[in-house]
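K.L.:
for reference, the sequence and a predicted model appear below.
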Amino acid sequence: MRGFIATALEDGFARAVASTLRRPAEKATVIPDWMQSSQPWRDWSVQTAINEGLRSHWVVWRAFTLKARMFSSVPWVVRRPGHGGDVETVTDPNHRLVKFLHSPNPYQTWTKILYLDSLYADTAGDYVLYHSNAGGDAVWPLRVENILIQATSLLGRSYTYLVGGQETVYAQDEVVHIQQVDIGSEVYGLGTIRAAGKAVDTGNAVQTAQAKSMQQVVRPSGLLSGDMGKDVYDALKADIAANKAGAENVGKLLIARSTLKFQPFMLTPAEVDFIQSLGLSNDAICAACEVDPCLIGLKDTTYENKRAAEVFLWNTVTIPRLRDTRDTWNMQFVPRLGLSDGSYLDFDLSRTPAVVEAIKSAAETARIFATNLHISPRAINERLGLGFSAEDVSEQAYIQATMIPLGSDSVFDTDGESVSIGGRSRMVNLSDKNAIGAFWRAKDGEKKAFERAIAARVRELFQDEEKRVLAAFTKGKLDLDSEIDEGRVAYERAIKAVSLSVIEHFGDAVDKPIPERSVRFNVGAPNILRFLSKYVAEQITAVFDSTKREVRKIVAAGLQENVPTDDIARSLKGKYREWYGESGVAFDTSRAFTIARTEVHSLAGFAQHEAAAQSGVLLFKEWVSSLDARTRDSHAAMNGEVRPMDEPYSNGLMAPGDPDGDAGEIINCRCNEIYHTEKP
């Protein structure tokens, strides 16, 4: 018979898998009497750490489970070398490693495997999983407190597993051993709780002392002496038991029946100051666990300070531990599978708070370099490692006349006055019509502020273009395409700068109302950057092609009718003034404003939809039609239409303003979208 394999979880599945994980009878041994204790081979008990730390001290439990939730929340992927030295992500569901991540064993998810990894790292310093090629690629966590690890050579190890009175020996190539470094041991790791053991013991002792103090409220333990007969002794003893023991007897008097003297053995609770002692031990535990006390509710703080503490924990503990775990799996487990494509396990940090904050910080630094120091975008990209391809960024430095800083709450209108873009209105699980109406009005106001800022910049670009076109035409040049294309780079820079601000603002508005999420909306996610590059390129092409057609049309018509050159120039000037809102054309109805309105609507719709999809908890979307007479009849009829996040609406759009939709569905559209965690 094979030795029974228990797991690190007490969830009942150990018995179900026992029959598949047994060893030959000749390897079973009789356990001698000296090995019958729970931990015969170690000078320190993992079980004690679990019972007296994780299960008994709430600060330990809160710190360890917080770290475990963060550690296990990061998605893992399979990667392999691609063409030209690139790395590609494997998505084939039949790939061996992809299947392994989906189901590491029949009873546990990869998230649970990682959760246990973090807990065992903190409690034991070691995490050991059994892997049998005969049983496929499944791995089974073992109870570390029942494992004896021995060195068989300089790098070799053997693992003796003791469960249910039976001993089983596993070879090194049958296990995956994730070990926290302990310079005092070659084979065992050092658990966090072991380093914090004295602080945990102090905390438990203080709490026990407090409980005992409440049971003997007025005086601590001591000696009551004096002249008394047996009747006085018995009566006093009964009086103390009845009137002084327990919290309900706080403050009651005790009348002595003779001259007695009390000598205390310890200070009173007030003198000892238990609360301060407990606080000091809690702080020591948090320090050992590298968890800021504010993250587990020990100290009040601001949201920003708590956010900074969370990012610090990601950077100093979670991400380094993820790297160590990844490297261990790729060194000990992946080679056993004999994969021919060079694939390996990896994790995706792109949506973790630490990376999101780093991207925001880098973006702000890039903005300062560009606006204050006038450094070229390409140099900034290379210096800060922003990850954009060289083809996507310009080598030319520039001064941008109108800029919306990332995270700003205001933009600038055409007169340079600050315009508030308002608060971020709630858009999750709304059902009340008045609340939905208030949401639409708030979002419409936010969009209008962005629209005016973008339209002002487009207006300036049209004015610059007008000067170039008229100057070339008056010199006798009839093909003006090159003069128009000369402004393409400036237009691209302007649109990209404000586009990131729009995406960040409207994406955050979806993400922030969702509480207690360790993974946040990432404006720098690869799919967002790919969309932005593609969208901006397409919009620039559409705008410039339309401009060229109109200019050619005016010039060709004038030449065909033998109109004087000055009159053709005046016609060109009149057209440009229509586009940027002069010559009797209101700015809000100009081409510049129409371009801006379409840009903002499409980008805001994409950002909200992407943030909802990234959340993982918002599963349904609902169309909210604009609340005025200018709404398209077809869009008004769609008001309240609910669809799953990954399905299009009845008009074919994935979201209001969907840039992949028909122009007739998105130009000047002002509809919006709300989201639900379940179908309303």
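P.N.:
On my side now, so go ahead. The shown structure was predicted, so the numbers you read here are calculated from the model rather than taken from an experiment.
K.L.:
mind listing the helices for the stretch 401-550 of the chain?
P.N.:
433-474, 481-485, 488-511, 526-560 (DSSP state H, counting those that start in this stretch).
K.L.:
for the record, mean pLDDT for the last one?
P.N.:
pLDDT averaged over helix 526-560 equals 88, rounded to a whole number.
K.L.:
next: stretch 145-162.
P.N.:
86.
K.L.:
tell me which of the helices of the stretch 401-550 of the chain sits nearest to residue 230.
P.N.:
helix 488-511 (76.1 Å; CB to CB). Quick note: C-beta positions are derived from backbone N, CA and C, even for glycine.
K.L.:
give me the neighbour count for residue 289.
P.N.:
Counted with other CB atoms under 10 Å, the neighbours of residue 289 add up to 24.
K.L.:
my read is that it contacts residue 62, right?
P.N.:
No. Residue 289 lies out of contact with residue 62 (CB atoms under 8 Å); the separation is 9.5 Å.
K.L.:
just to revisit the earlier point, mean neighbour count, the helices of the stretch 401-550 of the chain: which tops it?
P.N.:
helix 488-511 (a mean of 22; mean count of other CB atoms under 10 Å).
K.L.:
for it, packing partners?
P.N.:
With contacts taken as 3 or more CB pairs under 8 Å, 6 or more residues apart in numbering; DSSP states H and E, helix 488-511 sits against helix 433-474, helix 526-560, helix 591-615.
K.L.:
for the shortest one, give the mean pLDDT please.
P.N.:
This points to helix 591-615. 85.
K.L.:
so residue 575 is in contact with residue 553, correct?
P.N.:
No. Judged on CB under 8 Å, residue 575 makes no contact with residue 553 at a distance of 9.3 Å.
K.L.:
would you map the strands across the stretch 1-150 of the chain?
P.N.:
Remark: strands assigned in the stretch 1-150 of the chain by DSSP state E, counting those that start in this stretch are 76-81, 87-90, 126-131, 139-141, 147-151.
K.L.:
nearest to residue 495, of the ones you listed?
P.N.:
Among these, strand 87-90 sits nearest to residue 495 (CB to CB), with 29.2 Å.
K.L.:
got the CA positions of that closest one in CSV?
P.N.:
Only the C-alpha atoms of strand 87-90 are listed here, as CSV (Å, rounded to 0.1, in the frame of the first residue of the first chain):
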residue,chain,number,x,y,z
VAL,A,87,7.8,37.0,-26.3
GLU,A,88,4.2,35.9,-26.9
THR,A,89,1.4,34.9,-24.6
VAL,A,90,0.0,31.4,-25.1
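K.L.:
residues in contact with stretch 326-333?
P.N.:
Residues outside stretch 326-333 that contact it (CB atoms under 8 Å, 6 or more residues apart in numbering): 131, 139, 175-179, 344-347.
K.L.:
between those residues, which has the most around it?
P.N.:
Comparing the contacts of stretch 326-333 by number of neighbours (other CB under 10 Å), residue 175 comes first, having 23 neighbours.
K.L.:
where in the stretch 101-250 of the chain is pLDDT low?
P.N.:
Across the stretch 101-250 of the chain, the ranges flagged by pLDDT under 70 are 133-135, 195-227, 244-250.
K.L.:
tell me where it has helices.
P.N.:
Using DSSP H, counting those that start in this stretch, helices in the stretch 101-250 of the chain cover 110-123, 192-195, 197-215, 230-243.
K.L.:
so which bits of the second one are buried?
P.N.:
By that I understand helix 192-195. By neighbour count on 16 or more other CB atoms under 10 Å, the buried set for helix 192-195 is 192-194.
K.L.:
what do you get for stretch 136-149?
P.N.:
137-149.
K.L.:
CSV for the residues you listed, including distance to residue 328?
P.N.:
Formatted as CSV, those follow (distance: CB to CB, whole Å):
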residue, distance to residue 328
137, 16
138, 18
139, 12
140, 16
141, 14
142, 15
143, 19
144, 15
145, 20
146, 21
147, 16
148, 20
149, 15
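K.L.:
tell me which of the residues you listed is nearest to residue 468?
P.N.:
residue 137 (64.5 Å).
K.L.:
just checking, the closest one touches residue 337?
P.N.:
Yes. Proximity of residue 137 to residue 337 meets the contact threshold set by CB under 8 Å, at 6.7 Å.
K.L.:
residues shared between the contacts of those two?
P.N.:
Both residue 137 and residue 337 are contacted by residue 96, under the criterion CB under 8 Å, 6+ apart.
K.L.:
the helices of the stretch 401-550 of the chain: which one's closest to residue 582?
P.N.:
helix 433-474 (9.2 Å).
K.L.:
what about the strands in the stretch 551-680 of the chain?
P.N.:
According to DSSP E, counting those that start in this stretch, the strands that the stretch 551-680 of the chain contains are 620-624, 642-644, 672-676.
K.L.:
alright, I will stop here.
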